[in-house]
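Undergrad: Based on what follows, work out the 3D shape:
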Amino acid sequence: MNLPPKQMLQPSQAEIQSVQQLMQSGLLIQAEAKIQPMLVQYPKALGLYNLLGICQQRQGKYREAVESFQNMLVFNPRIPEIHFNVAALFTELGDAAQAIASYRKALQLKPDFTVAHFNLGILLQARNSLQEAAYHYREALKIEPVFFEALGNLGAVLQLQGLLDEAEQCYRNALALKPDARGYFNLGTTLHDQGEHEDALHAFQEAVRLDPQFADAWNNLGETLRDRGEMDEAIRCYQQALAAQADHGRANYNMGEFLCLADQLLDAIPYFERSTFADAPYRALQCFYKTRQFEIFKQRLDQMTQHETHTSVLLGALSTHYATNFQIDNAYNFCKEPMAYVEHTRIDELAEVDSLLLAALLNDIQHLAIAERKQGRLYYGMQSAGNLLQRSEASFQKLASLIRNKVLAYRQRFVGSDCALIANFPDDLEFASSWYLRMNQGGHLTSHIHEEGWISGCVYLKLPDKQNAHEGSFEYSTDGDDYPRLHDNFPSKIVDQQVGDLVLFPSSLFHRTIPFQSDQERVCVAFDIRPAM
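TA: Below is the predicted model of the structure:
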């Protein structure tokens, strides 16, 4: 009798069951030890490789499990579930590229593999491949329309792409399937981004009702209340966030910011030092400087200058002020001479007689349902909420396009400069923030910088008549915001603007609006553009 070749032999059902029993009993080490000699006897037994990979995976031996599954694929590369397993293991190992490749193979073999689409979307989203991630989430939803996790992730991707209406609908659809705290939080964030603060408020309130320990939701609820001018309630929410999570970065930052505005700078320092959000270490440094603790300030500034890239707007402002104050060289190269990087230009389409664009912008600003927010430095006026130049109305889209062209020309003008401001100039000219400012009689903005910007600007749409030369004008300087001055030798300049004018400047430069006494309204659109972080 002819026996089959060794490579054709397969284990008996009893042998397979003996391994499975060990695994079901949690005896994974013993199961793995039993499989190894069986693979010598049955070298092409795919089922054994599969059991071995599962044993190793459950023990956290991910590399060994990958090898076992890949050995299985040598004999049969057309098993989508095994490619899926390999992808999941590479994800655990932190090898996103290999995981993505394996998910793609699984989907080539099984295009309706719902979870593979979803998992691949997560990896692509983490790599900022947003369009492709959205495609795979949508594919998962075509196969399984009630896949609420895919709806939530698709909403997050659309929100990152600035497609806020579509993101909102995804979040609402997900909540219709499963009304959970995270879903309401996500909905609140996109409503807030659209300037719909009242609806955002309700969404965040529902999130904390469903999960009273949801620190992010408490913090965002506080930020929304702050923007409405309800500061006492905002502080209560920040405190709730910190009670749930003492090291919450943004809640600590927000508490520090509130204390700064309340001129309680020493109390603000511990909050900034506990925060890892945004420029918190630099905000602590600012507090040391404004309270004249110059030795601590100098020590920390030197450390930051030596060990960090020179890309902080706030450090740029602080170091320039400190260098001028003490008449020393400015060691921080964000923009050592910010006064030299101001450009006063003009958008011709707004300056035309009977400009249709100007009329459309003023009409939309006056009549659209755009939420407004309180701004502590703004007197006798109001600031819009949301990101104005990312709205879908034709007037704002056209203005955004014209501003981008001017910013490109600005970059070209300074292209030879060696400062970080120009060397790290944004490649993708999207608006990190943008808003309108409407001021009435007596209106003005106190001196400030834009800590979250890079290049800032303001375009003027409506200006009041002046009773003197500089009423309502734009003033800029290397000094402001009540920084301590040891002398008065800080330069400043005034721009007397006209309708259609655009002023571009480094976000680290102090600037303010000079009060005006006319009873006519002053309207402008301000914005920040910054590199992707």
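
Undergrad: Would you map the strands across this protein?
TA: Taking DSSP state E as the criterion, the chain contains strands spanning 343-346, 372-373, 378-384, 431-448, 455-462, 474-477, 492-495, 501-506, 510-513, 522-529.

Undergrad: Same list, the ones you listed, but as a markdown table with mean neighbour count and mean pLDDT please.
TA: Backbone N, C-alpha and C define where each C-beta goes, glycine included. Shown next, in a markdown table, are those (neighbours: other Cβ atoms under 10 Å; pLDDT from 0 to 100):
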| stretch | mean neighbour count | mean pLDDT |
| --- | --- | --- |
| strand 343-346 | 16 | 97 |
| strand 372-373 | 19 | 83 |
| strand 378-384 | 18 | 93 |
| strand 431-448 | 19 | 95 |
| strand 455-462 | 23 | 97 |
| strand 474-477 | 20 | 97 |
| strand 492-495 | 14 | 96 |
| strand 501-506 | 23 | 98 |
| strand 510-513 | 22 | 97 |
| strand 522-529 | 22 | 97 |
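
Undergrad: closest to Asp199 out of these?
TA: Nearest to Asp199 among these is strand 372-373; the distance by Cβ to Cβ comes to 14.5 Å.

Undergrad: Show me the domain layout of this protein.
TA: If you go by automatic domain parsing, the domain ranges for the chain are 6-215, 340-529.

Undergrad: mind giving me a markdown table with the ones you listed and columns for distance to Thr224?
TA: Below are the domains of the chain laid out as a markdown table (distance: least, Cβ to Cβ, whole Å):
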| stretch | distance to Thr224 |
| --- | --- |
| domain 6-215 | 5 |
| domain 340-529 | 9 |
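
Undergrad: nearest to Glu273, of the ones you listed?
TA: Comparing the domains of the chain against Glu273 with Cβ to Cβ, the closest turns out to be domain 340-529 (17.0 Å).

Undergrad: on that earlier part again, may I see the strands of the chain arranged in CSV, with distance to Leu259 as well?
TA: Output for the strands of the chain, formatted as CSV (distance: least, Cβ to Cβ, whole Å):
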stretch, distance to Leu259
strand 343-346, 36
strand 372-373, 20
strand 378-384, 20
strand 431-448, 17
strand 455-462, 25
strand 474-477, 25
strand 492-495, 29
strand 501-506, 27
strand 510-513, 21
strand 522-529, 24
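
Undergrad: Quick one, which of those gets closest to Tyr137.
TA: Nearest of these (Cβ to Cβ): strand 431-448, 25.5 Å.

Undergrad: Distance from the chain centre to the closest one, please.
TA: Between the mean C-alpha location of strand 431-448 and the chain-wide mean there is a distance of 23 Å, by Cα atoms, centre = their mean, to the nearest Å.

Undergrad: could you check the angle strand 378-384 makes with that strand?
TA: Angle, strand 431-448 to strand 378-384, by axes from the mean of the first three to the mean of the last three Cα atoms, to 10 degrees: 180 degrees.

Undergrad: Each with direction, which strands does strand 431-448 pair with?
TA: If you go by DSSP bridges, strand 431-448 pairs up with strand 378-384 (antiparallel), strand 510-513 (antiparallel), strand 522-529 (antiparallel).

Undergrad: C-alpha coordinates for the shortest one, CSV please?
TA: Provided in CSV are the C-alpha atoms of strand 510-513 (Å, rounded to 0.1, in the frame of the first residue of the first chain):
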residue,chain,number,x,y,z
PHE,A,510,1.3,93.3,19.8
HIS,A,511,-1.5,95.1,18.2
ARG,A,512,-4.6,97.0,19.2
THR,A,513,-7.5,99.1,17.8
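
Undergrad: Tell me which of the domains of the chain sits nearest to Gln286.
TA: Among the domains of the chain, the nearest to Gln286 by Cβ to Cβ is domain 340-529 (8.6 Å).

Undergrad: distance between the ends of the closest one?
TA: Using Cα to Cα, to the nearest Å, the end-to-end distance of domain 340-529 comes to 19 Å.

Undergrad: how about the helices of the stretch 151-300 of the chain, start to end?
TA: Remark: helices assigned in the stretch 151-300 of the chain by DSSP state H, counting those that start in this stretch are 164-177, 181-193, 197-210, 215-227, 231-244, 249-261, 265-274, 280-290, 294-307.

Undergrad: In JSON lines: those, plus mean pLDDT and distance to Ala134.
TA: Below are the helices of the stretch 151-300 of the chain laid out as JSON lines (pLDDT from 0 to 100; distance: least, Cβ to Cβ, whole Å):
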{"stretch": "helix 164-177", "mean pLDDT": "96", "distance to Ala134": "9"}
{"stretch": "helix 181-193", "mean pLDDT": "94", "distance to Ala134": "15"}
{"stretch": "helix 197-210", "mean pLDDT": "96", "distance to Ala134": "22"}
{"stretch": "helix 215-227", "mean pLDDT": "96", "distance to Ala134": "23"}
{"stretch": "helix 231-244", "mean pLDDT": "97", "distance to Ala134": "31"}
{"stretch": "helix 249-261", "mean pLDDT": "96", "distance to Ala134": "27"}
{"stretch": "helix 265-274", "mean pLDDT": "98", "distance to Ala134": "36"}
{"stretch": "helix 280-290", "mean pLDDT": "97", "distance to Ala134": "32"}
{"stretch": "helix 294-307", "mean pLDDT": "95", "distance to Ala134": "39"}
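
Undergrad: possible to save the ones you listed as a markdown table with distance to Leu402 and mean neighbour count?
TA: Formatted as a markdown table, the helices of the stretch 151-300 of the chain follow (distance: least, Cβ to Cβ, whole Å; neighbours: other Cβ atoms under 10 Å):
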| stretch | distance to Leu402 | mean neighbour count |
| --- | --- | --- |
| helix 164-177 | 22 | 20 |
| helix 181-193 | 23 | 23 |
| helix 197-210 | 28 | 20 |
| helix 215-227 | 28 | 25 |
| helix 231-244 | 36 | 18 |
| helix 249-261 | 33 | 22 |
| helix 265-274 | 38 | 19 |
| helix 280-290 | 33 | 22 |
| helix 294-307 | 37 | 14 |
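
Undergrad: mind checking which of those is nearest Ser473?
TA: Nearest of the helices of the stretch 151-300 of the chain to Ser473, taken as Cβ to Cβ: helix 249-261 at 25.4 Å.

Undergrad: Glu121 contacts Glu149, correct?
TA: One correction, residue 121 is Gly, not Glu. No: with contact defined as Cβ atoms under 8 Å, Gly121 does not count as touching Glu149 (10.1 Å).

Undergrad: where do the helices sit along the stretch 351-500 of the chain?
TA: In the stretch 351-500 of the chain, the helices defined using DSSP H, counting those that start in this stretch lie at 356-367, 394-413, 420-423.

Undergrad: Quick check: which of those is buried the most?
TA: Counting by mean count of other Cβ atoms under 10 Å, helix 420-423 has the highest mean neighbour count of the helices of the stretch 351-500 of the chain, with a mean of 18.

Undergrad: For Ala97, the count of nearby residues, please.
TA: Neighbourhood size, Ala97 [other Cβ atoms under 10 Å]: 10.

Undergrad: can you pull the pLDDT of it?
TA: Ala97 is assigned a predicted lDDT (pLDDT) of 96.
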